[in-house]
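Chemist: here is the input, now give the coordinates:
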Amino acid sequence: MKTVLIVFALVALALLLPLFMTSNTPPEGFDRNLPWQIALDQSGNSEVFGLVPGQSRLADARALLGDDFDVAVIAASEQIGALEANYPQRAFGFVQARLILTLAASPEEVGAMRGRALKREYMEGSNKKFILHPDDRARAEDAVIRAISLIPSARLDEETITLRFGKAAEVLPEGENLTHYLYPDKGLDVVLDKKGREILQYVAPKNFAAQIRAPLEKGNAASGA
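Modeler: Below is the predicted model:
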C-alpha cells in the first residue's frame, strides 16, 4: 500500500512541477512551432519558431523551415522598401499561416538591390515587388532577421488573443480598422484588422520600443495632425 502511495505522489509531483517553473529555458516538449510559444532570456531576446529576431539569419530559417520561400524587395509607393523573405503557406503546429521575415538591410543596400532587380511586379494596392538578382539573393542568406510577421489563416479576436498570449500591456487603435495589442515583454504586437487579415509581429523585446512602439506613435501622430 505504501508503495502505491509513493508512486502516486511522484506522479502528482511530476505533473505539478511545470506549473512552478520560473526559468525562461523552454521545458522538454516545448513546441517551438506554435505562435504563442515565445521563449525569453535575460538579455532581452526572444525565440519563436526556433528563430531569434535580431540574431538569427535567413540561412537559419532555411535550415529550420525549409526553402519554399522567395526573397524580394517590397516597396510601397514613394518608399525605398524593405528586404523580405516570404513563406506563402505552412503549418506552425496546428496553425496554418503565412510567414514573412523582414531582413536587416540599410536603405543604400535596398536601393542597390532594386537597381539590380531582374524584374518588377505589382502587388495588391500600390506595393511593388522587386525580384532579386541571383547574387543579391545569395547575399540575403546571411542577412539577420530583423522581425518576424505571421498572418494566420484562421481569424482572431480579442478573446482568442487574451487566451493565447495573456492580457495585453496596452491596446492602441490605428486609424479606423486596426487595433494593436502590445506585449513589450514578449516583443509581440498582435494587429487586428476589421477589413483584412490579422498579423502577429515579433521583434526582440529589447527593440520593441524602437521597432514597434515608436513607429506606431509616429503614425498615430501623423494621422491626428
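
Chemist: can you get me a residue count around the residue lying closest to residue 92 once chain neighbours are set aside?
Modeler: Nearest residue to residue 92, sequence neighbours excluded (CB to CB, 6 or more residues apart in numbering): residue 33, at 4.6 Å. Bear in mind the C-beta positions are built from the backbone N, C-alpha and C, glycine included. Residues lying near residue 33 (other CB atoms under 10 Å) number 16.

Chemist: please apply the same query to residue 156.
Modeler: Neighbour tally, residue 156, other CB under 10 Å: 18.

Chemist: isn't it right up against residue 192?
Modeler: Yes - contact criterion CB atoms under 8 Å: residue 156 and residue 192 qualify, at 6.5 Å.

Chemist: before we move on, the earlier item: let me know the secondary structure of the residue nearest to residue 92.
Modeler: Applying DSSP: H, G, I helix; E, B strand; the rest coil to residue 33 yields a three-state assignment of coil.

Chemist: domains in the chain, by residue range?
Modeler: Residue ranges for the domains of the chain, per automatic domain parsing: 40-153, 155-225.

Chemist: right, and the residue nearest to residue 92 touches residue 47 too?
Modeler: No - using CB under 8 Å, residue 33 is not in contact with residue 47, being 11.8 Å away.

Chemist: got phi/psi on residue 204?
Modeler: phi -60, psi 130 (degrees, to the nearest 10).

Chemist: for it, what are its contacts?
Modeler: Residues near residue 204 by CB atoms under 8 Å, 6 or more residues apart in numbering: 44, 45, 46, 52, 53, 54, 55, 187.

Chemist: just the buried ones from the residues you listed, in PyMOL syntax?
Modeler: Applying 16 or more other CB atoms under 10 Å to these, the buried members can be selected in PyMOL as follows:
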select buried, resi 45+46+52+53+54+187
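
Chemist: on that earlier part again, shared neighbours, residue 156 and residue 192?
Modeler: Residues touching both residue 156 and residue 192 (CB under 8 Å, 6+ apart): residue 198.

Chemist: re earlier: the domains of the chain: lowest mean pLDDT?
Modeler: Lowest mean pLDDT of those: domain 155-225, a mean of 90.
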